[in-house]
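>>> Okay, predicted coordinates and the sequence, questions at the end:
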Amino acid sequence: MSDINKPNSFTTGPDENGKFGIFGGRFVAETLMPLVLALEQAYKSAQQDPSFKAEMDNLMQDFVGRPSPLYFAERLTEFYKGPKIYFKRDELNHTGAHKINNCIGQILLAKRMGKTRIIAETGAGQHGVATATVAARFGLKCIVYMGEEDIRRQSPNVFRMKLLGAEIIPVTSGTGTLKDAMNEALRDWVANVEDTFYIIGTVAGPHPYPMLVRDFQSVIGKEAKEQILQKEGRLPDVLLACIGGGSNAMGLFYPFLDDADVDIYAVEAGGHGVNTDKHAASLSGGNPGVLHGNRTYLLQNRDGQITDAHSISAGLDYPGIGPEHAYLHDVKRVNYVSITDTEALEAFQLCTRLEGIIPALEPAHALAYLPELVKKFTSDQIIIMNMCGRGDKDIFTVAEHLGIEI
Amino acid sequence: MRLQKTFARLKKENKSAFITFLTAGDPDFKTSKEIISSLPKKGVDIIEIGFPFSDPMADGPVIQASSLRSLKNGMTLKKTLELVKEIRNDNQETPIVLMGYYNPIYIYGNIKFLKDAHDAGVDGLIVVDLPPEEDDELCIPAKEYSIDFIRLCTPTTDAIRLPTVLKNASGFIYYVSISGITGTKTPDFTNVAEAIKFLKSHSDLPIAVGFGIKTPENAKAVAANAEGTVVGSSIVEIIQKCNDAGITGKDLTAKVLSYVEELSISIKEARK
C-alpha cells in the first residue's frame, strides 16, 4: 500500500529552520538567538573537520569504552518463548548510561568555541554525571541544575557529581524536577552568554540541539546495525527503547528509520496510568505546544500552562519530548506506547534475576513492554532493545517502592 | 495607533515614556484591574500587562512568583483579554501592550487570539520566545489586526544580527539593558546610552529600555536618553511583599501606586 503523505526518507530533517515537519524550531529569547546560531555554525564547521571526528572517535573508544556490546538475552528470550531479544548495552559505558556519548560531542564543541564554563540540567542525574565527567576530563568549570525532588531521589548521583568537581544548584521553582531544572539552566545561560556552553542532555531544546544530540547518540544505532549483521546476518525486525526526552531512543532508531521492514517501538513513562493526571507520556497524553525552545507534544492544560509530569523514573519525568519524536509520531514511523510505574518495577526485577543485569528504571520501561511486544512477533524474529542505563542509581527508589529498608 | 500618538506627544514634550509592567491577575483579578486602571493617573504613559505562563524562562524570581500567584488565582489568557477590555471601557487613550510567552497564545489559537486581542483594545505584543526566525507564526499575521509586534534587542544583538531583528518590528524597540533575566542585574548606564545610539542609527522606531531598572534613580538615568523607560520587577515586588504581609485590596493598591508615582516623578524630571 502506498501512502502519498509518507515521505521518501525519514532522515532528511531538520530543515534549515530546525523544523521536523511543524515541530522543532528556535523559540528562544533574543538574548540566546546569536548563541544558538553560533552553535549551529560551530557544529557545521566541526562536521567538516576530520580532526573533530578523530578526537571524538578516540574518546569514544578509550574513555567511554565503545563500541558497547550487542548481547543476546538468552534467558529472557526463553522466558517469553518469542522472538530473540538482544540488548544494546549502553549501560556499560563509562558513567553507566548513554548520556556520555552526547556529552563528549558537546564538550568538544564547547572547546572549539572557546567556552570555559559548562552548564547542564539533569533529572535522574545521569546526564549531570556525564557532563561533570567530561568537564573534569577537560578541566572546565561545571554547574548542574537539578530539581530539589530529584536531588532527594538520586542522592548517589549528586555525590558523584560533587566528587567530579561540579557545583550542584538545587532548583525549587515549579515542581522541582527536570523541567524546572531546564528553566533555570536557560536563565543561567541568558545571564552568562560570554563564557558559557549549555550541554543539553536530550534531543530537545532550540535548534540545533535536537539534531546534534541525535547525531552524537546515533553511534548506538550504527553500532547495533553492524553488530546484528555480524551476528545474525540480517537486520532486526523490531527496535525498542524507552523515551523521556528521547535521546537514547533517537540514537538507536535514527540509522534504521529508512529500513522499512524494521518496526520501531518507543515506551513513554505512564506513571500511574495515562488516564490519570500522574504520568509523563507527552505523546499518548499531551498535545502540541511550545516550550524550552521547540514546538513538540507537551503535557499542558487548556490555557497552555505546562502541567506536572510524573514517573517513578526521574529520567523520564519531563512534560515534553524531542521534536523529532513528535514528527515520527505524526507520520506514524514509530509506535509510541506507555508503561506504568508498577509494570516498570516488575520488569526491573525480572531482568535482574534472569539476566544478571540491573537495569535503570528508564530502560525498565522498555523491558516492561516486552510481554506485549513478543505477542506480535514470532520466534524466528529479532528484537533489539536499548539498555540505555544501569540501575545502581535506582536501588534506593526501588527499595522504597518495594517497602524494603536498606 | 495609540502607541505612535503617545510617543509623538512625548517627543514634543521632551519626555521619556513611562512604561510599567504588571502581571494580569496579580494578586487577583479585581485588585489587578484597580491598580492597572489607575496607572495613567499616576503618570504612566504605556501599560504593559503580562499574561502568566507556568514556565517563564526569561524572568527572574519576582516575576516568576507573580505569574504563579496569578495562575493560582485562576488567571488565564482569556481572562487577561477580559481585563484589557474592562480597562478599555474607561480609557481609550493609553496604549496597552501584552507581554508573555508563546505557548498560551498558540494554544488559544493565533488568529483567534489576534482578533480577540484587537477587539479588546490591545495595541502591541511582546512575545519573549518568538525571535524573528519565527515571524511567520504571529508577528506577520499581527499586522492584519493592527497590532504592533515589539521586538526585544539585547546586548548580544550585534550589527550583523540587528537588521534581522528590526525587519518586521513595529511600535517601539524594547532594549533589554542586561544579559540576564528580569529584575536581577543593574545595567551600566553608559553602555545603555551607547546602545541607544547604536539602535537609533539603524531604526526610526522609538527605543524603550527595560530589565534591571530597580529604583527611581535608575529610572531617571535611563529616561535621560531613552524614549521609553520600563519598570517591572520592582513594582511587582511590592505586590509580593504586601501579599506576604497579608496586605490586600485598597491598601495594597495604594502602596503600589505611591511607588509608581515616585518613579513617574523621577522619569519626568530626567530631562529638566
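That came in fine, so what should we check first? Numbering: from 1, shown residues only, chains lettered A, B, ... in the order given.

>>> Tell me how many other residues surround the closest residue to residue A:196 other than its chain neighbours.
Spatial nearest neighbour of residue A:196, excluding adjacent residues (Cβ to Cβ, 6 or more residues apart in numbering or on different chains): residue A:117 at 4.6 Å. Backbone N, C-alpha and C define where each C-beta goes, glycine included. Neighbours of residue A:117 under the rule other Cβ atoms under 10 Å in any protein chain shown: 17.

>>> With adjacent residues omitted, what lies nearest to the closest residue to chain A within chain B?
Scanning chain B for the residue nearest chain A gives residue B:107, at 3.3 Å (criterion: Cβ to the nearest Cβ). Nearest residue to residue B:107, sequence neighbours excluded (Cβ to Cβ, 6+ apart): residue A:304, at 3.3 Å.

>>> And residue B:231, how far from residue B:45?
12 Å (Cβ to Cβ, to the nearest Å).

>>> My error: substitute residue B:154 in the last question.
Going from residue B:154 to residue B:45 by Cβ to Cβ gives 23 Å.

>>> Now for the residue lying closest to residue B:270 once chain neighbours are set aside, how many residues are close by?
Distances taken as Cβ to Cβ, 6+ apart place residue B:223 nearest to residue B:270, at 3.6 Å, with adjacent residues excluded. The local packing of residue B:223 (other Cβ under 10 Å) involves 24 other residues.

>>> go on, residue B:197?
For residue B:197, using other Cβ under 10 Å, the count is 11.

>>> before we move on, back to that, now the residue nearest to residue B:107: which helix or strand?
Assigned by DSSP states H and E, residue A:304 falls within no helix or strand.

>>> Do I have it right that it meets residue A:287?
No: with contact defined as Cβ atoms under 8 Å, residue A:304 does not reach residue A:287; the gap is 10.0 Å.

>>> okay, the two: which has more neighbours?
residue A:304 (25 against 13).

>>> List the buried residues for stretch B:264-272?
Residues of stretch B:264-272 classed as buried under the neighbour-count rule (16 or more other Cβ atoms under 10 Å in any protein chain shown) are B:264, B:265, B:266, B:267, B:268, B:270.

>>> scratch that, stretch B:66-78
For stretch B:66-78, using 16+ other Cβ under 10 Å, the buried residues are B:66, B:67, B:68, B:69, B:70, B:71, B:73, B:75, B:76, B:77.

>>> Start and end of it, how far apart?
Start-to-end span of stretch B:66-78 (Cα to Cα, to the nearest Å) is 18 Å.

>>> Also stretch A:306-317?
By Cα to Cα, the extent of stretch A:306-317 from end to end equals 13 Å.

>>> Check stretch A:377-389 too.
26 Å.

>>> now stretch A:253-273
This stretch, stretch A:253-273, spans 26 Å end to end (Cα to Cα).

>>> same deal with stretch A:292-310?
18 Å.

>>> so how far is it from its chain's centroid?
18 Å (Cα atoms, centre = their mean, to the nearest Å).

>>> Let me see the mean pLDDT of that stretch.
Averaged over stretch A:292-310, pLDDT sits at 96.

>>> same check, this time on stretch B:147-157
Taken as a whole, stretch B:147-157 has a mean pLDDT of 95.

>>> Stretch B:34-45 too?
Mean pLDDT, stretch B:34-45: 98.

>>> Pull out the buried positions in it.
Burial within stretch B:34-45, assessed by neighbour count using 16+ other Cβ under 10 Å, is assigned to B:34, B:35, B:36, B:37, B:39, B:40, B:42, B:43, B:44, B:45.

>>> how far does the helix or strand encompassing the residue of chain B closest to chain A sit from the chain's center?
Following DSSP H and E, the helix or strand that holds residue B:107 is helix B:102-108. Helix B:102-108 sits 19 Å away from the centroid of its parent chain (Cα atoms, centre = their mean).

>>> Helix or strand next in line after it, which one?
The helix or strand immediately downstream of helix B:102-108 is helix B:110-120, counting by DSSP H and E.

>>> any idea how far that following helix is from the chain center?
Its chain's average C-alpha position is 19 Å from that of helix B:110-120, according to Cα atoms, centre = their mean.

>>> And the contacts of that helix?
Residues from elsewhere that reach helix B:110-120, judged by Cβ atoms under 8 Å, 6 or more residues apart in numbering or on different chains: B:77, B:81-82, B:84-85, B:88, B:98, B:105, B:108, B:125, B:137-138, B:141-142, B:144-147.

>>> buried set for that helix?
Buried-residue list, helix B:110-120, by 16+ other Cβ under 10 Å: B:113, B:114, B:116, B:117, B:120.

>>> three-state assignment of residue B:168?
Following DSSP: H, G, I helix; E, B strand; the rest coil, the label given to residue B:168 is coil.

>>> Help me confirm that residue B:194 is found in a strand?
No: counting by three-state DSSP, residue B:194 is not part of a strand but helix.

>>> burial count for it?
Using other Cβ under 10 Å, the number of residues around residue B:194 comes to 12.

>>> dump the residue contacts of it.
Shown in contact with residue B:194 (Cβ under 8 Å, 6+ apart): no residues.

>>> mind checking how far it is from residue B:40?
Residue B:194 sits 32 Å away from residue B:40, going by Cβ to Cβ.

>>> How about the residues of the stretch 101-250 of chain A by chain B?
Counting by Cβ under 8 Å from any Cβ of the partner chain, the stretch 101-250 of chain A comes close to chain B at A:173, A:174, A:179, A:180, A:183, A:186, A:187, A:190, A:191, A:192, A:193, A:194.

>>> contacting residues for the closest residue to chain B within chain A?
Nearest residue of chain A to chain B, counting by Cβ to the nearest Cβ: residue A:304, 3.3 Å away. Neighbouring residues of residue A:304 by Cβ under 8 Å, 6+ apart: A:289, B:53, B:77, B:103, B:104, B:105, B:106, B:107, B:108.

>>> May I have the phi/psi pair for it?
phi 80, psi 20 (degrees, to the nearest 10).

>>> Now do the shared contacts for residue B:231 and residue B:45.
B:18, B:19.

>>> still on that earlier bit, looking at the contacts of residue A:304, which is nearest residue B:61?
Relative to residue B:61, the closest of the contacts of residue A:304 is residue B:53; by Cβ to Cβ it sits at 15.0 Å.

>>> Look at that closest one and give its secondary structure.
Following three-state DSSP, residue B:53 is assigned to coil.

>>> Would you agree it is in contact with residue B:105?
No: taking contacts as Cβ under 8 Å, residue B:53 lies outside contact range of residue B:105: 9.8 Å.

>>> Hmm, the residue of chain B closest to chain A is touching residue A:302, no?
Yes: assessed by Cβ under 8 Å, residue B:107 is found in contact with residue A:302 at 7.2 Å.

>>> Now do the one helix or strand in chain A whose mean pLDDT sits lowest: which elements does it pack against?
Ranked by mean pLDDT, DSSP states H and E, the helix or strand of chain A with the weakest confidence is helix A:148-153, at a mean of 85. For helix A:148-153, the elements it packs on are strand A:167-171, judged by 3 or more Cβ pairs under 8 Å, 6 or more residues apart in numbering or on different chains; DSSP states H and E.

>>> mind listing what the strand it packs on pairs with, with the direction of each?
Sheet pairing of strand A:167-171 (DSSP bridges) gives strand A:141-147 (parallel).

>>> Quick check: buried residues in the partner strand?
If you call a residue buried by 16+ other Cβ under 10 Å, then strand A:141-147 has these buried ones: A:142, A:143, A:144, A:145, A:146, A:147.

>>> For those, please prepare JSON lines with the additional fields distance to residue A:208 and pLDDT.
Formatted as JSON lines, the buried residues of strand A:141-147 follow (distance: Cβ to Cβ, whole Å; pLDDT from 0 to 100):
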{"residue": "A:142", "distance to residue A:208": "22", "pLDDT": "98"}
{"residue": "A:143", "distance to residue A:208": "22", "pLDDT": "98"}
{"residue": "A:144", "distance to residue A:208": "22", "pLDDT": "98"}
{"residue": "A:145", "distance to residue A:208": "21", "pLDDT": "97"}
{"residue": "A:146", "distance to residue A:208": "25", "pLDDT": "96"}
{"residue": "A:147", "distance to residue A:208": "26", "pLDDT": "93"}
